[in-house]
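>>> need coordinates for the below:
(chains A, B, C and D)
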Protein chains: 2
Amino acid sequence: MFTIGRLATVAGVTPDTLRFYERERLVSPAAKTPAGYRLYDAGSLRRVRFIRTAQHCGFSLAEIHELLKLRQDGEACCADVRSLAIQKKLRVEQKLRTLQAMSSALDDLIRGCEGDGSRTDDCSILHALERDPEAGAT
Amino acid sequence: MFTIGRLATVAGVTPDTLRFYERERLVSPAAKTPAGYRLYDAGSLRRVRFIRTAQHCGFSLAEIHELLKLRQDGEACCADVRSLAIQKKLRVEQKLRTLQAMSSALDDLIRGCEGDGSRTDDCSILHALERDPEAGAT
DNA sequence: CTTGACCATGGACCGCGCTCCAAGGTTTAC
DNA sequence: GTAAACCTTGGAGCGCGGTCCATGGTCAAG
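As a prediction, this is how the structure comes out:
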């Protein structure tokens, strides 16, 4: 059994974060001391690690709540979890495409620019940004 | 000269957004009617388009403010603008790498999962998410 | 038995980019 | 002349994932 500070340290978060997760019904202490101190066990640590890892996969806290509910739910099956992972993958890929579009738009700007000391009223980047985004390319 | 609603329509934003941009010192009306109505000109439209296009390149409103300041500033040169674009590109690429890591982490989860009807206590995805993220790969 | 580190609660606040609302004035179309 | 559509200001609220603060109780070391 650890106190909140100890769990925070081993899990790599802050005590405030753990209290926040508790308000969000993601992790709750295994017990409390008579004085009201939260006490956590190894299961709590696994749960916090679950949250952090899922976050690294792009899941929001609300989605992690869903995943944790599936784990509790005797009715749920592995395919349900897999389905959430696949949906998340699709959204991550959508974001990737958006960022890739940004990256190549920036490339175009940078490439079109001399980068010399000319005044900014001649700057090709500033001119390009002003063009109607709805108009055709070029 | 257009009213706020007309500029909003042609620029593809809402009047609320234009008022918000004005509070953020990004776009201000060219004039006001005696009754206090905002009036915009073609330069305003170009400015709003600048903002939208720069947003599509990943610039935040604060950064767009910087870009617009450079345009005003007689001292600034094209190289300053180019430098902001390059910095932005680096940050976009960093985000891309983060998302690519998410994408392949999700791939691993999905690949490792049968996706069959087995109970969630056997789910390889849920087990994988519980593992210590600091531990070496497996 | 005091000092300092730790813990509790409740609530405010952050950044970001809007979005919506209420209460009222103005303009336009018929 | 009246109704609809538009405009004004000021301020609150949202989603997200925390972070920080004030105030006060608890616990361990010396």
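
>>> buried ones in the helix or strand hosting residue A:54?
Using DSSP states H and E, residue A:54 maps to helix A:42-56. Within helix A:42-56, the residues scored as buried using 16 or more other CB atoms under 10 Å in any protein chain shown are A:44-55. (Glycine included, C-beta is placed from N, CA and C.)

>>> could you look up the SS state of residue A:39?
strand (DSSP: H, G, I helix; E, B strand; the rest coil).

>>> what's the neighbour count on it?
Other residues lying near residue A:39 total 16 when counted by other CB atoms under 10 Å in any protein chain shown.

>>> so what's it up against?
Going by CB atoms under 8 Å, 6 or more residues apart in numbering or on different chains, residue A:39 touches A:1-3, A:29-33.

>>> ok, back up a step: got the CA positions of the next helix or strand after the helix holding residue A:54 in CSV?
With elements assigned by DSSP H and E, the helix or strand that comes after helix A:42-56 is helix A:61-72. What follows is helix A:61-72, C-alpha atoms only, in CSV (Å, rounded to 0.1, in the frame of the first residue of the first chain):
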residue,chain,number,x,y,z
LEU,A,61,-9.4,10.1,-20.9
ALA,A,62,-13.1,9.6,-21.9
GLU,A,63,-12.0,6.9,-24.3
ILE,A,64,-9.8,5.3,-21.6
HIS,A,65,-12.9,5.3,-19.4
GLU,A,66,-14.6,3.2,-22.1
LEU,A,67,-11.7,0.8,-22.3
LEU,A,68,-11.7,0.4,-18.5
LYS,A,69,-15.4,-0.2,-18.5
LEU,A,70,-14.9,-3.0,-21.1
ARG,A,71,-12.4,-4.6,-18.9
GLN,A,72,-14.9,-4.6,-16.0
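
>>> average model confidence for helix A:61-72?
Rounded to a whole number, the mean pLDDT of helix A:61-72 is 94.

>>> which parts of that helix are buried?
Buried, per 16+ other CB under 10 Å, within helix A:61-72: A:63-64, A:67-68, A:70-71.

>>> now the helices: where do they sit in chain A?
A:4-11, A:15-23, A:42-56, A:61-72, A:78-111, A:124-130 (DSSP state H).

>>> distance to DNA strand D for these - can I get that in a markdown table?
Listed next are the helices of chain A as a markdown table, based on distance: least, CB to the nearest atom of the strand, whole Å:
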| stretch | distance to DNA strand D |
| --- | --- |
| helix A:4-11 | 10 |
| helix A:15-23 | 4 |
| helix A:42-56 | 6 |
| helix A:61-72 | 4 |
| helix A:78-111 | 12 |
| helix A:124-130 | 23 |
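
>>> need the ones you listed in JSON lines with distance to residue B:107, can you?
Below are the helices of chain A laid out as JSON lines (distance: least, CB to CB, whole Å):
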{"stretch": "helix A:4-11", "distance to residue B:107": "26"}
{"stretch": "helix A:15-23", "distance to residue B:107": "27"}
{"stretch": "helix A:42-56", "distance to residue B:107": "14"}
{"stretch": "helix A:61-72", "distance to residue B:107": "17"}
{"stretch": "helix A:78-111", "distance to residue B:107": "7"}
{"stretch": "helix A:124-130", "distance to residue B:107": "36"}
